[in-house]
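1. need coordinates for the following:
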Amino acid sequence: MVSEAGPAPEGIPVPAPAQEERAPLRELPTILLAALGLFGALLAWRVAVAGSNAGDANDAGLDAARARSAVVVANEGLISQAREAWLDYERARRRAEAFVGAGLGPNGDQYYKLAAANFFFLRTDYLDRDGVYDADAQRAGLLADAESQQDLDFETDFKLADDLNDKINGLTLAGFVAAIGLPFLTVAEATRDRRRVFPTLMGGAALVAAVILAVLSWA
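-> From the prediction side, this is the model:
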């Protein structure tokens with residue numbers, strides 16, 4: 001027969017059950033890794049949206065530039081016609097005055113009629129206070145009318161595209177900085193002793209720097 005073991009004799013210490021040693025910083029490396037993954041996903045989404053908006057702004061700028069060029073060409077044709085009409089009006093008016101001054105009223109009347117016909121093609125708001133045709137005023141007026149009907153401000157569209165591209169560059173740099181922290185946090189998660197402290201701090205610092213850089217880039 002096998003006898004059952006009795007209680008340990010008095011005076012002999014009984015070893016305490018072994019306790020599992022807790023890793024320094026506990027779950028912080030895992031949390032930082034998860035935060036890094038979430039930050040990377042948000043960053044990729046924001047870069048994609050900004051890239052799409054930058055492309056749309058650039059396309060809008062090209063369309064506006066082409067439209068403005070077409071409007072300028074068409075306006076110059078109208079200005080040329082108006083200038084010729086004003087010159088014909090002035091020539092006819094002066095001849096009419098000359099004939100009337102010379103006592104040749106009927107001839108003067110004919111030129112007055114010709115002057116009136118040419119004056120019909122002119123807009124009085126494009127004449128200065130001396131009655132002289134102002135081509136610059138008509139050029140500005142025609143362009144303003146066209147701008148009220150369609151987008152001709154290509155500079156604003158291109159500036160928006162450039163601003164978005166600058167932000168994309170900043171976000172890309174933030175993603176690079178965040179990627180530096182990935183190997184540090186991976187090592188920290190795999191290490192269970194005090195050696196995990198340094199890579200955890202390095203990975204956390206890279207993540208914080210990347211977040212700050214991303215916020216400043218988009219501000």
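2. the most centrally placed residue in the chain and residue 99: what is the separation?
-> Most central in the chain under CA atoms, centre = their mean is residue 160, positioned 2.9 Å from the mean C-alpha point. Per CB to CB, to the nearest Å, residue 160 is found 61 Å from residue 99. C-beta: built from backbone N, CA, C; applies to glycine.
3. circling back: tell me how far the closest residue to the residue nearest to the centre of the chain other than its chain neighbours lies from residue 166.
-> Using CB to CB, 6 or more residues apart in numbering and skipping the chain neighbours, the partner closest in space to residue 160 is residue 57 (4.3 Å). According to CB to CB, residue 57 and residue 166 sit 12 Å apart.
4. neighbour count: the two, which is higher?
-> residue 57 (20 against 13; other CB atoms under 10 Å).
5. identify the residues contacting the residue nearest to residue 160.
-> Under the criterion of CB atoms under 8 Å, 6 or more residues apart in numbering, the contact list for residue 57 reads 157-158, 160-161, 164.
6. before we move on, what SS does it have?
-> When classified by DSSP: H, G, I helix; E, B strand; the rest coil, residue 57 comes out as helix.
7. okay, buried residues for the helix or strand of the chain with the lowest mean pLDDT please.
-> Ranked by mean pLDDT, DSSP states H and E, the weakest helix or strand in the chain is helix 105-119, scoring a mean of 81. By neighbour count on 16 or more other CB atoms under 10 Å, the buried set for helix 105-119 is 108, 111-112, 114-115, 118-119.
8. save those as a markdown table, and put in distance to residue 194 too.
-> What follows is the buried residues of helix 105-119, written out as a markdown table (distance: CB to CB, whole Å):
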| residue | distance to residue 194 |
| --- | --- |
| 108 | 111 |
| 111 | 107 |
| 112 | 106 |
| 114 | 103 |
| 115 | 101 |
| 118 | 97 |
| 119 | 96 |
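9. out of those residues, flag the one nearest to residue 62.
-> Distance to residue 62, by CB to CB, is smallest for residue 118 among the buried residues of helix 105-119, at 40.1 Å.
10. ok, that closest one touching residue 81?
-> No - in this structure, residue 118 is not within contact of residue 81 by CB atoms under 8 Å, at 10.8 Å.
11. what does the least confident helix or strand of the chain rub up against?
-> Residues outside helix 105-119 that contact it (CB under 8 Å, 6+ apart): 85-86, 88-90, 92-93, 95-100.
12. dump those into a markdown table; add neighbour count as well.
-> What follows is the contacts of helix 105-119, written out as a markdown table (neighbours: other CB atoms under 10 Å):
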| residue | neighbour count |
| --- | --- |
| 85 | 17 |
| 86 | 21 |
| 88 | 16 |
| 89 | 21 |
| 90 | 16 |
| 92 | 20 |
| 93 | 18 |
| 95 | 17 |
| 96 | 22 |
| 97 | 14 |
| 98 | 13 |
| 99 | 18 |
| 100 | 16 |
